[in-house]
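Novice: One predicted model, sequence on top.
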Amino acid sequence: MKEFKGVWIPKEILIDKNLNDKEKMIYSMILYLSSEKHCTISNAYIGEILNICNIQVSRIINSLKKKGYIKTEIIYKENSKEILIRKCIPINTYVNTYKQISALPINKNVKDIKSNNKINYINTKLKNENQRDYSKFDFSKFYANEF
C-alpha cells in the first residue's frame, strides 16, 4: 500500500451531489491508495485519520458500494468468518483519475521570491511617502454641532 500523504479530491467527486462530505473524503482516499487497481485499507485506519468510529466508516463504505462507486472483495481467514483482507476497488466511471506528470521542476517559471518581495517593499514605501499628513488638520469644523 502507498504511504498516505493527504487527500486530493478530484473535481468530479467534489461537485457530486450524490455523496456527502465523508463519502467524498473516503472515496478520494481509496482512489489515491489504489495501486494495482485496488486498495487494502482498514476501517480503523480510515477512522483514525478522519476521527470517526469504525462503525461509521463501515456504513460509509457500504454506502459507496450501494451507490456504485466502489466494489469490495473480502478474503476470510481459513476456516473462520474473520476477515483477513478487504479490497476496495474503485469504479472509475465517475471520476477522471488522470495524474499529471511534469518534466519541469517545481517553481521553474516563477519569479524570484526575494526580488519580488523587494519590489513590493519599495512600492509600499513609495505609497506611504506620497500620502498626505492630516495630523495638524482641524476636523471639528465638519460637524454641525459644536463640542
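Specialist: Arrived safely, thanks for sending.

Novice: Only C-alpha atoms from now on, for both contacts and neighbour counts.
Specialist: OK.

Novice: any low-confidence regions in the protein?
Specialist: Scanning the chain for pLDDT under 70 picks out the ranges 1-4, 93-134, 139, 142-147.

Novice: can you give me the helices for it?
Specialist: For the chain, applying DSSP state H gives helices covering 11-14, 21-33, 43-50, 54-66, 113-129.

Novice: any idea how far residue 7 is from residue 42?
Specialist: The spacing between residue 42 and residue 7, counted by CA to CA, to the nearest Å, is 17 Å.

Novice: actually residue 70, not the one I typed
Specialist: On the measure of CA to CA, residue 70 and residue 7 end up 17 Å apart.

Novice: neighbour-wise, which of these two wins?
Specialist: residue 70 (21 against 16; other CA atoms under 10 Å).

Novice: correct me, but that one touches residue 89?
Specialist: Yes. Judged on CA atoms under 8 Å, residue 70 makes contact with residue 89 at a distance of 5.4 Å.

Novice: Would you mark the buried spots in stretch 71-82?
Specialist: Neighbour-count burial for stretch 71-82, counted by 16 or more other CA atoms under 10 Å, picks out 71-72.
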